[in-house]
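Undergrad: coords please:
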Amino acid sequence: MILILLAVLAAPICASVAGLIVGALHSDEALHDSDLVRNFLVVMSIAMIAVWGTSRTHTVRVHIDPAYRIETEIDANPTYTAINNVNPQLGKSLHEILVGYMWNDDMTVSDALIEARPLLTASVQERLGWADQATHMQWARFVVDSLKELQAQDSSLCYDAMAGKSMDPWLFSAENTSAFRQVAVQVLESADKGMRRTRPSTEKHVEFNAAALEFRVVQQEIEQRFGPAVAEQIARRKFSDPPVDSSAQLCRARIAQLEAMLKRPQPMAARLLDSVLR
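TA: Next comes the predicted model:
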């Protein structure tokens with residue numbers, strides 16, 4: 001709207017200014033009409049060039065051009081920049097979401113990123129297997145913290161998150177949202193290195209049989225604390241709707257499972273966590 005008004009009003013405003021300037025400069029002179037017209041056109045042209053040049057500066061465009069402002073804010077956002085650099089295809093999808101919310105709902109780029117959390121969560125889970133062991137641990141700790149935060153609000157929310165349902169991203173605290181952005185970028189960057197095989201191969205490999213045996217040990221711990229039925233659901237990750245057992249009990253068991261795995265040495269912990277977080 002501002003750009004339209006500027007385009008419509010620029011000519012008459014510049015003409016008025018030119019008329020005032022020419023009139024003031026030649027108020028005591030008797031000029032032919034042709035001289036006045038020539039001087040008027042010269043001054044008006046200068047005014048039009050000045051207006052056009054000013055309107056193209058960054059400071060002015062940010063205030064008068066919504067599309068330019070949105071692009072500027074998105075490009076300046078470190079989370080978007082990091083994601084776009086490591087995965088341009090994901091960056092394109094993220095960009096479309098951000099523009100949509102910023103344009104249609106007049107959101108800030110930070111709020112629009114909150115709305116994009118489901119997209120980024122799905123991307124992280126899809127690429128987690130390529131991330132390094134330390135990053136697996138970081139993501140698992142974040143998942144535990146998120147489940148605890150939902151559990152404190154309502155155990156059914158925690159259960160829905162465990163079941164893989166789409167969560168309202170506004171349910172999470174500002175601290176959780178900030179942590180999510182950091183760890184999501186960390187996973188995507190580490191996964192990119194893993195897929196490109198540019199990460200130094202210094203991690204200790206854990207054999208499948210060893211991981212399976214350790215998974216059973218964790219499973220026994222959960223059985224002892226929460227009972228075989230709950231432990232079986234957690235192990236198989238088959239969560240009915242509505243839940244067969246108490247959603248609060250199932251959520252506590254899931255958190256306990258992840259925390260038990262996190263206590264293992266990093267190579268084993270990462271192998272176990274990879275099997276239950278994707």
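Undergrad: residues contacting the residue nearest the centre of the chain?
TA: The centre of the chain sits closest to Leu113, judged by C-alpha atoms, centre = their mean, with a distance of 4.0 Å. Residues in contact with Leu113, defined by C-beta atoms under 8 Å, 6 or more residues apart in numbering, are Asn77, Thr79, Tyr80, Leu98, Arg181. No exception for glycine: its C-beta is placed from N, CA and C like everyone else's.
Undergrad: Ile222 versus that one, what's the distance?
TA: Distance, Leu113 to Ile222, by C-beta to C-beta, to the nearest Å: 35 Å.
Undergrad: find the nearest non-adjacent residue to Glu214, please.
TA: Counting by C-beta to C-beta, 6 or more residues apart in numbering, Glu214 lies nearest to Met268, which is 5.7 Å off, once chain neighbours are set aside.
Undergrad: swap in Leu258?
TA: Leu258 sits nearest to Val144 (C-beta to C-beta, 6+ apart), 5.0 Å away.
Undergrad: count residues in the vicinity of that neighbour, would you?
TA: Residues contacting Val144 under the criterion other C-beta atoms under 10 Å number 18.
Undergrad: SS state for it?
TA: helix (DSSP: H, G, I helix; E, B strand; the rest coil).
Undergrad: contacting residues for it?
TA: With C-beta under 8 Å, 6+ apart, Val144 has these contacts: Ile255, Leu258, Glu259, Leu262.
Undergrad: out of those residues, who's the most crowded?
TA: That'd be Leu258 among the contacts of Val144, by other C-beta under 10 Å, with 21 neighbours.
Undergrad: from the contact counts, what lies against the helix or strand hosting that residue?
TA: Element membership for Leu258, per DSSP states H and E: helix 247-262. Packing contacts for helix 247-262, counted by 3 or more C-beta pairs under 8 Å, 6 or more residues apart in numbering; DSSP states H and E, involve helix 133-153, helix 155-162, helix 208-226, helix 228-236, helix 266-277.
Undergrad: of all those, which one is nearest Ala67?
TA: Checking these against Ala67 by C-beta to C-beta gives helix 133-153 as the closest, at 34.5 Å.
Undergrad: right, and the helices and strands packed on helix 247-262 - which one's nearest Asn84?
TA: helix 133-153 (19.4 Å).
Undergrad: buried residues in the closest one?
TA: Neighbour-count burial for helix 133-153 flags 133, 135-147, 149-151 (criterion: 16 or more other C-beta atoms under 10 Å).
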